[in-house]
Structures are given as structure tokens and as C-alpha cells.
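>>> Have a look at this prediction, sequence included:
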Amino acid sequence: MEPETAVQSFANAIIVLWGWRRYLVALACGAASALAFPPFNAFPVLWVTMPVFVWLIDGSESVETAGFVRRLLPAAAVGWVFGFGFFLAGLWWIGAAFLVDAAEFAWLLPFAVVALPAGLALFWAAGAALARAFWVDGPARILVFAIVMSVAEWWRGHLLTGFPWNAIGYALTPVPVMMQSAALVGLWGLTFAAFLIFAAPAVLGDELRSSPLGRIVLGLAALLLVAHVGYGFVRLSDGPDPTVPGVHLRIVQPSIPEDERWQSGKDDEIMARYLDLSRQGGASSPGIDGVTHLIWPESAFPFLLTRKPSALAAIADLLPAGTTLITGAARAEDDAAAGNSSHVFNSIYEIDDGGEIRAAYDKVHLVPFGEYLPLKGLFEALGLRQLIALPGGFSPGSRLRTLSVPGAPPFGPLICYEIIFPGAVVEPGNRPGWLLNVTNDAWYGNTPGPYQHFLQARVRAVEEGLPLVRAANSGISAIVDAHGRVVKSLGLGRISVIDGGLPVALLPTPYARFGDLVFLVALFAAATLAMLGKIYL
């Protein structure tokens, strides 16, 4: 009998942990896993933490005479603690939003920072429990783990309005050369690949010499990683994408602190900042002449634009002939059936050089507790409201839309975190020529949040094969080509503009055409391999 390797000794030590030590390791490894995401992008940490997760599930045994559900509870507990550490370390920055209006919301900060990770961790608890239900001895369990945990992440991205923030698949996309596979398999395909690639070293804790399947699993993980990176190099080998002739964009990033935007008497000062930045441009492109499309960020105005004619007049005075302003703004709509009460939408306006609003898009996917209250009656009875200082919050728009704009291809408008939902950023049957994401990350200050948001927006561009134009009140504004490469950008907190062309769109990618079908095929193939390996190897 050969002596144990160092990895086998370490694996056995993790497997036999019990009590508080077991949960402390799960919590620490979950928290360390968050380092795989921006701004750190230290994804190699997952080659340590994911095998530990597998070994913790290995050790999640219970009394065999207990009922089926009770037998799964130890694995569910480990999954929840691991997930809680992961989401707490990866999403703590959300608490910064509760300090913008500290007098009203600061007392909720501890609850928000803890409650959201605790709720999201339930998906990982369900994943670990389900994995344990299908667990097998030996290397085949790595395939089971990758299948079930990627399904749990898919659930997280879709159930209860969905919140796919920091899905594990993003760990494989820190740079453009590692983003290109998203065009084939999308975020959920990358998530399955990530769980398999990063958990595969767990088989080194097994007896590999007598396990052909162990070598197959390690080889499959290595092959996936090499193919992932190699495909990126091939896809980027043609160099920079060309730009659409005749389109000259100017993106304005005013970086107005969130606690100043809604102060009484600030309307004229804020409007003046937008007008001055728009006119002056940057050092390389002073003045506004020649700009075909001027873009301002989400909720640019601390007032209803249509109820302030002087603001529309100022816009008309600003814009040269033939220039279009595309801007975020709140939009009110009277509802006669409800006694003329107003619905207010978080919208994007398209305004021509005469100051006339030509088109509008209303945000469909609102932020729970930020823009509206779920279970409104209950929470209002408790004295709570959404973070946006708007009675009743925003109303949701009816559908995604592709908007036509003079002098440029049609665009797909997306407001703030609408950009984070894979497969749900383009109006079905009406593919645009580019994506426009207006946002306001000033809520979160200089924290990891804006960097994580920007990465997810870039991956959407790759998935759809569409260039992305991003206008943020405070970072990160950018022009991104259809391969996820940043053409020009403004860093977090900068007050300036971006002048640049519009990269061309690619042909629809496989993911744009087939969606998550490839993800489902991968799950089926992995399940088949796991069963065959268990039977024959």
C-alpha cells in the first residue's frame, strides 16, 4: 500500500472535520472564493476552495436510518455556510447604498448585508443537498457536483426575479481572451465548466493509480480550460473590430454623489454640469460639433424632464443640428382608470435637436427594495420603503424594446442591472445593432460592486455578439466591442467624457441563436459520463 500524498492527507483531514471546525472551514473557503471576482480576479483560489467544498460534502454523512430529507441536512448545512461566506464577502458593498440616506436607512444596513447573503446561500444549500442525494464514491462525484451546483446557480439567476450576480462562471472571464466562450455557451455553460474545472483537483485526494475515471475527469477539466483559452486566442486573432461609419459618440460621466443628486435646490446645478461637460468635451475633442449621439447616464435629472420645459429648451440649445441625446430619466404616466394617479418609470429618452422626445423605453427588471418594494403592504406596514425617494417606487415597463435612432443602427436599451441577465437583454425577434447600458453606480462608492457590474456587462456583449456603450453617473463608463474588449473607458469617480466611434456588431452568436440549449446538452453529457464511468470504470 502506497503512502498518502500530501493532497490525500489534506483531503482526509477536511473530510473528518466535525462540529464548529467544519463550518469555520466552509465559511472561510466560501469567503475566499469571492476573490475570484473583480476587482481582484484571483480565480486560481477556486482550485483550492472548490475541492474543499467537495471534501466537505464527502464528509457530510448522517445516520442511514434517518429519513431521506434528514440524511441530506448535513450537506445542506455545509452548502449554506459555504454559500453564506461566498455571498457575504462578494456582496458586502451593497450596504453602501443604505448609507446614502443614512438618517432613514443606516439602521437597516446590518440586516441587508447579512439577509441577502443568507437568502442566496439557500440555493447553495439546495445544491449541496441535491448533490449529496446523487453522490457517488470516487471521481464521478465531481461530475455530479458540477451538474448540480450549476443548476443551483441557474435557479439563483431565475427564481424570485433572479439575481445571477457573481455566478461562478464569471471566474472564467477576467480578460477578453477568457470571455469568448460565452459566445458559444453563455454564462450558464461557463458556470458548469467552472465548477468542473475548479473542483477537478479534488480527485487528487483519491487513489488515482487505481482510478481510470479520475484521470479522465482531470483530463476533461484540463481539456476544457485549454479549449476555453485557445478559442479566445483564435477568436481575437483578427484584431480590433471596425467602427460604424459616420457615428461619433460622446458619453458623459458627471460623477455626481448620490447624496447630492436629490438635495433641494440642486436641479439647475446638476443640469449645468451635464450641459458644460457635453459642450466642452475632452482635450482631444473639444466642443460638441461633430458629435452625432450624446449619451447621459441613468436618471440624469433629479426632476421629471417633461414637467420642466426649461430643461428641454436647454437641451435643444445644446444639440447641434442632427445630434441626438439619449439619456436616462424618470418618466411619469397618468392612469385615468386609477383616478389620474401617476405611474413613474425608470426610463431612457431619445431626444432630437429640437428638444422633442422621440422615443422612450421603460425599465422592465426593477431592483427589489431599491426601486420597488416586494410584498409592499407588509413592508410599508413595518415603516419601510424602497431606497429610491419616490412615493410608491417605480413601476415596471412592459417589455424589452429595440429603439431606432437617426444616424446609427437600432440599439437595445438596458438600465442598470438589467444588463446582468444572460439571454434576456435583447427584444425577441428584433435584434439591435448595439447595446446601451445607462447606470448609476454612485450608490456603491469605491467598492467592488461597480467593477463586478462592468464585467457582467462586457460578458453580455460577448454572448450576444453586440458592441456595448455604457454611460454611468459614476464609473465605469465605456465603449466595448462585440468581443468584450474595452475600446475606451472612464474610471470610477472620474468627471469627464468619452468620445469615440461605435464598433460594428457581429453575426448572431451560437448563444444568441440557441440560448441555454448548449448548457442543457453539457449537463446531459456529464450525467451520462458519470453513470458510464461508475458502471464500467
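The structure has been received and is ready for your questions.
>>> Work out the gap between stretch 179-189 and the centre of the chain.
Taking CA atoms, centre = their mean, to the nearest Å, one finds stretch 179-189 lying 14 Å from the centre of the chain it belongs to.
>>> Show residues contacting it.
Contacts to stretch 179-189, defined as CB atoms under 8 Å, 6 or more residues apart in numbering, come from residues 150, 153-154, 157, 164, 167, 169-170, 172-173, 190, 193, 227-228, 231-232, 235-236, 422-423, 458-459, 462-463, 465, 483-484, 509-511, 515-516, 518-519, 522. Glycine gets a C-beta too; all of them are placed from N, C-alpha and C.
>>> for stretch 215-232, same thing?
For stretch 215-232, the external contacting residues (CB under 8 Å, 6+ apart) are 139-140, 142-143, 172, 176-181, 184, 193, 196-197, 200-201, 203-204, 208, 529, 533, 537.
>>> Distance from the chain centre to it, please.
25 Å.
>>> tell me which residues in it are buried?
Across stretch 215-232, burial judged by 16 or more other CB atoms under 10 Å covers Ile216, Val217, Leu218, Leu220, Ala221, Leu224, Leu225, His228, Val229, Tyr231, Gly232.
>>> So which of those are in helices?
Counted as lying in helices by DSSP state H, out of these, are Ile216, Val217, Leu218, Leu220, Ala221, Leu224, Leu225, His228, Val229, Tyr231, Gly232.
>>> Quick check: the residue lying closest to the second one once chain neighbours are set aside vs His228, distance?
If I follow you right, that is Val217. In this structure, Val217 finds its nearest non-sequential neighbour in Pro139, 4.5 Å apart by CB to CB, 6 or more residues apart in numbering. Look at Pro139 and His228: by CB to CB, to the nearest Å, they are 21 Å apart.
>>> go on, Lys488?
Distance of Lys488 to His228, computed by CB to CB: 27 Å.
>>> again, but for Glu269
Counting by CB to CB, the gap from Glu269 to His228 is 49 Å.
>>> quick one, what contacts Arg494?
By CB under 8 Å, 6+ apart, the contact list for Arg494 reads Gln253, Ser255, Gly475.
>>> Looking at those, which is nearest Ala13?
Gly475 (43.5 Å; CB to CB).
>>> List the residues that contact the closest residue to that closest one other than its chain neighbours.
Nearest residue to Gly475, sequence neighbours excluded (CB to CB, 6+ apart): Leu492, at 3.2 Å. Residues counted as contacts of Leu492 (CB under 8 Å, 6+ apart) are Asp441, Asn446, Pro450, Tyr451, Ser474, Gly475, Ile476.
>>> Switch these over to TSV; also include neighbour count and distance to Phe84.
Listed next are the contacts of Leu492 as TSV, based on neighbours: other CB atoms under 10 Å; distance: CB to CB, whole Å:
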residue	neighbour count	distance to Phe84
Asp441	26	25
Asn446	14	25
Pro450	25	24
Tyr451	20	22
Ser474	27	30
Gly475	24	29
Ile476	23	29
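>>> Out of the residues you listed, flag the one nearest to Asp352.
Comparing the contacts of Leu492 against Asp352 with CB to CB places Ser474 closest, at 27.6 Å.
>>> Quick check: that closest one touching Arg261?
No. If you go by CB atoms under 8 Å, Ser474 and Arg261 don't touch, sitting 10.4 Å apart.
>>> hmm, back to that, sort out for me which of the contacts of Arg494 are in strands.
Counting by DSSP state E, the contacts of Arg494 place Gln253 in strands.
>>> and Arg273, how many residues sit next to it?
By other CB atoms under 10 Å, the residues close to Arg273 number 17.
>>> typo on my end, it should be Gly465
Gly465: 19 surrounding residues under other CB under 10 Å.
>>> Please tell me how far Pro110 sits from Gly370.
18 Å.
>>> and those two? which has more neighbours close in?
Under the criterion of other CB under 10 Å, the comparison of Pro110 against Gly370 puts Gly370 first, with 17 against 11.
>>> Are we agreed that that one is in a helix?
No. Gly370 is assigned coil when assessed by DSSP: H, G, I helix; E, B strand; the rest coil, not a helix.
>>> right, and it touches Ala97 too?
Yes. Assessed by CB under 8 Å, Gly370 is found in contact with Ala97 at 7.0 Å.
>>> Alright, calling it a day.
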